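A.B. asks: Next input, structure requested:
(chains A and B)
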Amino acid sequence: MKIRILAITCLAVLLCGTVWASEPIKIGLLSDLSGATSSVGRPYADGIKACAEYLNEEGGINGRPIVLDQVDYAYNVQQALAAYKRMKSQGIVALQGWGTGDTEALVKFVAKDEMPTFSASYSAHLTDPNTAPYNFFCAADYSTQARAALKFVRENWKEERAPKLALIYPDAPYGLAPLAAAEAYARELGFEIVGKEIVDLKAMEATTQLLRLQKVAPDYAWVGGTTPSTAVVLKDAQKLKMNVIFITNIWGSDENIFDLAGTAANGHISIQAAKVYGQPCEGMVVIEKLTKGVPQMTHFIRGFVSMLTMAEGLKRAEAAGQLNGPGIKAALESMRDFDPMGLAAPISFYPDDHRPNLAVSLYELRDDKLNFLGEQTLERKKEWLGK
Amino acid sequence: MEYYLQLVLNGLVVGSIYSLVALGFVIIYKATKVVNFAQGELVMVGAYVCFSLTVQAGIPFLASFMMTLAFSVVLGLAIERLFLRPMIGEPIISVIMVTIGLSTVLKALVQLFWGTQIRVYPQLLPQDPVFVAGLPIAPVYIAAFVLSILLFVVFSLFFKYSRHGLAMRATAFDQQAAASMGIGIKNIFALSWCIATVVSAIGGVILGNINGINSQLGQLGLKVFPAVILGGLDSLLGAAVGGLAIGVLENVCDGAAMQLLDLSGFKDVAAYVFLVLILMIKPYGLFGTKEIERV
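C.D. replies: Here you go, the predicted structure:
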């Protein structure tokens, strides 16, 4: 009799265990599918969803499937806050966010709620756990991106004189975020800064600004806009026959730049933080299978990497029996050189430093393709954290 | 000096696009006294329809363009019949709210049918600049300039000399009096919406050729609003002059602020600063009708 009771108890525990093990893990997904940044927000969200699909096919998080609770907040901060509150009440354990406005608005909430949050806003201050303890992202921050690109071009500068640099940016948080860092590091590297110009994200032309730059003849110009505004700059520079190489920020050029700027895109440099579709690596094989060989934008790949990185944190936390905010945060902060299947540079987070890496991929825009130029990795300097 | 000449020239060509969109605002206001907040979205719809016909259906551009204009006529009629006609006699603020709602509906429909990705027209005009007085201008801007001038002339003649144009002016002046004179107010409203959608579609196609299209194109409506207010809400000449003036102001003020005061970023605020100034002096805009009421 005792043996029977013991057997029944064991079976019950086992069954309960199975039920617990297969209980889904809810992740919130704030996406801009119809708002101001939807042209890049949608592919990024698609990348996250594709990764969740892949992970579930592979057994989910230690046997537990990932369920994404997606909300289109249309790039509206108030909608994002409302959606986050609803998601939280419905039991999400982590959040995949999106833009600068909503990420900034949520920083205090996610810290208070102990909600690990990934986003595609790469402002450097989000990497400092003192001010944003629950914020993470999977690409080098904007400041690091600008520094790395400048270092790359400085190392490849052949002439005796100092290279002349101009900075073109929109007067918006995204455009301004890396400006001071880029300027200071450019001076440190021996660039001569010859001009700073504002080009709005919705600009129809940029002749006024470029005419001024034409007078000071920069060798390089860093462009901190988005793909449409960059296209305007490139086309107007071609019109004015300017001999300058533009270095475009991570949202400043993508696969659309060739359609928008035509031949004016040729020869310029695109800063990226992940592989582009078709570049060989383990993860690309998976992505090509998931997307049936239909090319996706580089933003899709970064969305995929973001979910892959978060999932690694979830796996570690789940294995430790700590699938909660502090547990996931600790798991992420224990990550050292996590390889996102070759799709991006290895990722490490530390309790006092949430910079995923300081590696930046550089591509040359030419012949309708993003052609890999090289990768630049910077030293993890303490004084750069959060700046 | 050449620097400022280039700024003026550039301002004129960009301003001509503002003028084109402003024309749509004015035509509707002139006949119906309604400020159409869906003007930018009408630009967007026209651009997407022409894109669909040219790129997705593979129809030659000129045929696609004509078909887009025909579609715009139908769209204008549909909007007027479905949304605006039931509002006749209602307070003007309600009608304006309808246009705001319409802008959301049109944007949602565009996203439903075409998604949110950036779409690009095939290159119709050469990329190499044309030199005007030794200053480079992209051919597409010259096309925009010529088209907006042409449309301004056509509509000026239409409003001045044609029966329908005169009827539209009469309706705008006093709907009841016009109706008592046998003018079909409903037909006039329909006509004004048709013309406005057609003009907007032309603007959309030009913009699509300049820098591609996406579902944010509708925001141009707000960008153009200072030009409409500056010129005067009910003046065709005002729309043309207002658009050109804002285009030139943006460029010249930005250039001067940078050169003289070392201030950058003036381009995006210049229009609004000037708008406030002009409204303080001439509240009805440069060419708008001054309403005088006997109290």
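A.B. asks: Tell me where the model's unsure across chain A.
C.D. replies: A:1-21 (pLDDT under 70).
A.B. asks: Which residues of it lie near chain B?
C.D. replies: With C-beta under 8 Å from any C-beta of the partner chain as the criterion, chain A meets chain B at residues A:33-34, A:36, A:38-39, A:41-42, A:171, A:196-198, A:200, A:202, A:204-205, A:207-209, A:211-212, A:227-228, A:231-232, A:235, A:238-241, A:256, A:259-260, A:262-264. C-beta: built from backbone N, CA, C; applies to glycine.
A.B. asks: Quick check on those: which are buried?
C.D. replies: Using 16 or more other C-beta atoms under 10 Å in any protein chain shown as the burial test, the residues of chain A next to chain B include A:33-34, A:36, A:38-39, A:41-42, A:196-198, A:200, A:202, A:204-205, A:207-209, A:211-212, A:227-228, A:231-232, A:235, A:238-240, A:256, A:259-260, A:262-264 as buried.
A.B. asks: Count the residues that sit near B:Met181.
C.D. replies: 11 (other C-beta atoms under 10 Å in any protein chain shown).
A.B. asks: Contact partners for it?
C.D. replies: B:Ala170 (C-beta atoms under 8 Å, 6 or more residues apart in numbering or on different chains).
A.B. asks: Need phi/psi at the closest residue to A:Tyr75 other than its chain neighbours.
C.D. replies: Once flanking residues are discounted, A:Tyr75 sits nearest to A:Gly35: 3.1 Å by C-beta to C-beta, 6 or more residues apart in numbering or on different chains. For A:Gly35, the backbone dihedrals (degrees, to the nearest 10) come out as phi -100, psi -160.
A.B. asks: Kindly report the same for A:Glu288.
C.D. replies: Dihedral angles (degrees, to the nearest 10) for A:Glu288: phi -60, psi -40.
A.B. asks: where's it relative to A:Cys281, distance?
C.D. replies: According to C-beta to C-beta, to the nearest Å, A:Glu288 and A:Cys281 sit 11 Å apart.
A.B. asks: One more: B:Val224?
C.D. replies: As judged by C-beta to C-beta, B:Val224 and A:Cys281 stand 47 Å apart.
A.B. asks: Does A:Leu365 lie in a helix or a strand, and which?
C.D. replies: Mapping A:Leu365 onto the secondary structure by DSSP states H and E places it in strand A:359-366.
A.B. asks: What residues of that strand count as buried?
C.D. replies: A:359-365.
A.B. asks: Narrow the buried ones among the residues of chain A next to chain B to those in helices?
C.D. replies: A:38-39, A:41-42, A:207-209, A:211-212, A:227-228, A:231-232, A:235, A:238-239, A:259-260 (DSSP state H).
A.B. asks: quick one: contacts for the residue nearest to A:Tyr75?
C.D. replies: A:41, A:72-76.
A.B. asks: re earlier: relative to helix A:227-239, how tilted is the strand holding A:Leu365?
C.D. replies: Computed by axes from the mean of the first three to the mean of the last three C-alpha atoms, to 10 degrees, the angle separating strand A:359-366 from helix A:227-239 equals 50 degrees.
A.B. asks: Can you point out the buried residues in the helix or strand following strand A:359-366?
C.D. replies: Using DSSP H and E, the helix or strand that follows strand A:359-366 in sequence is strand A:369-377. Residues of strand A:369-377 classed as buried under the neighbour-count rule (16+ other C-beta under 10 Å) are A:370, A:376.
A.B. asks: ditto for stretch A:182-193
C.D. replies: Here stretch A:182-193 shows A:182-183, A:185-186, A:189, A:191, A:193 as buried, counting by 16+ other C-beta under 10 Å.
A.B. asks: Let me know whether stretch B:225-234 sits next to chain A.
C.D. replies: No. Residues of stretch B:225-234 contacting chain A under C-beta under 8 Å from any C-beta: none, with a closest distance of 13.2 Å.
A.B. asks: average pLDDT for that stretch?
C.D. replies: In this model, stretch B:225-234 has a mean pLDDT of 87.
A.B. asks: which SS class is the nearest residue to A:Thr100 once chain neighbours are set aside?
C.D. replies: Excluding its sequence neighbours, the residue lying closest to A:Thr100 (C-beta to C-beta, 6+ apart) is A:Ser121, at 4.2 Å. Put simply, A:Ser121 is coil when judged by DSSP: H, G, I helix; E, B strand; the rest coil.
A.B. asks: Phi and psi next, for residue 243.
C.D. replies: Let's take chain A. Dihedral angles (degrees, to the nearest 10) for A:Asn243: phi -100, psi 80.
A.B. asks: distance of it from A:Ala221?
C.D. replies: From A:Asn243 over to A:Ala221 (counting by C-beta to C-beta), the distance is 11 Å.
A.B. asks: These two - which one has more neighbours?
C.D. replies: A:Ala221 (24 against 9).
A.B. asks: Could you verify that the more buried one is part of a strand?
C.D. replies: Yes. Counting by three-state DSSP, A:Ala221 is part of a strand.
A.B. asks: mind exporting the longest helix along chain A as PDB, just the C-alpha atoms?
C.D. replies: For chain A, the longest helix by residue count, based on DSSP H, is helix A:298-319. Only the C-alpha atoms of helix A:298-319 are listed here, as PDB (Å, rounded to 0.1, in the frame of the first residue of the first chain):
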ATOM      1  CA  THR A 298      19.600  44.300 -41.500                       C
ATOM      2  CA  HIS A 299      17.100  45.500 -38.900                       C
ATOM      3  CA  PHE A 300      15.500  42.000 -39.100                       C
ATOM      4  CA  ILE A 301      18.800  40.400 -38.300                       C
ATOM      5  CA  ARG A 302      19.300  42.700 -35.300                       C
ATOM      6  CA  GLY A 303      15.800  41.900 -34.000                       C
ATOM      7  CA  PHE A 304      16.700  38.300 -34.300                       C
ATOM      8  CA  VAL A 305      19.900  38.800 -32.300                       C
ATOM      9  CA  SER A 306      18.100  40.800 -29.600                       C
ATOM     10  CA  MET A 307      15.600  37.900 -29.000                       C
ATOM     11  CA  LEU A 308      18.400  35.300 -29.100                       C
ATOM     12  CA  THR A 309      20.400  37.200 -26.500                       C
ATOM     13  CA  MET A 310      17.400  37.700 -24.200                       C
ATOM     14  CA  ALA A 311      16.500  34.000 -24.600                       C
ATOM     15  CA  GLU A 312      20.000  33.100 -23.400                       C
ATOM     16  CA  GLY A 313      19.400  35.100 -20.300                       C
ATOM     17  CA  LEU A 314      16.000  33.500 -19.800                       C
ATOM     18  CA  LYS A 315      17.500  30.000 -20.200                       C
ATOM     19  CA  ARG A 316      20.200  30.700 -17.600                       C
ATOM     20  CA  ALA A 317      17.600  32.200 -15.200                       C
ATOM     21  CA  GLU A 318      15.200  29.300 -15.700                       C
ATOM     22  CA  ALA A 319      17.900  26.700 -15.200                       C
END
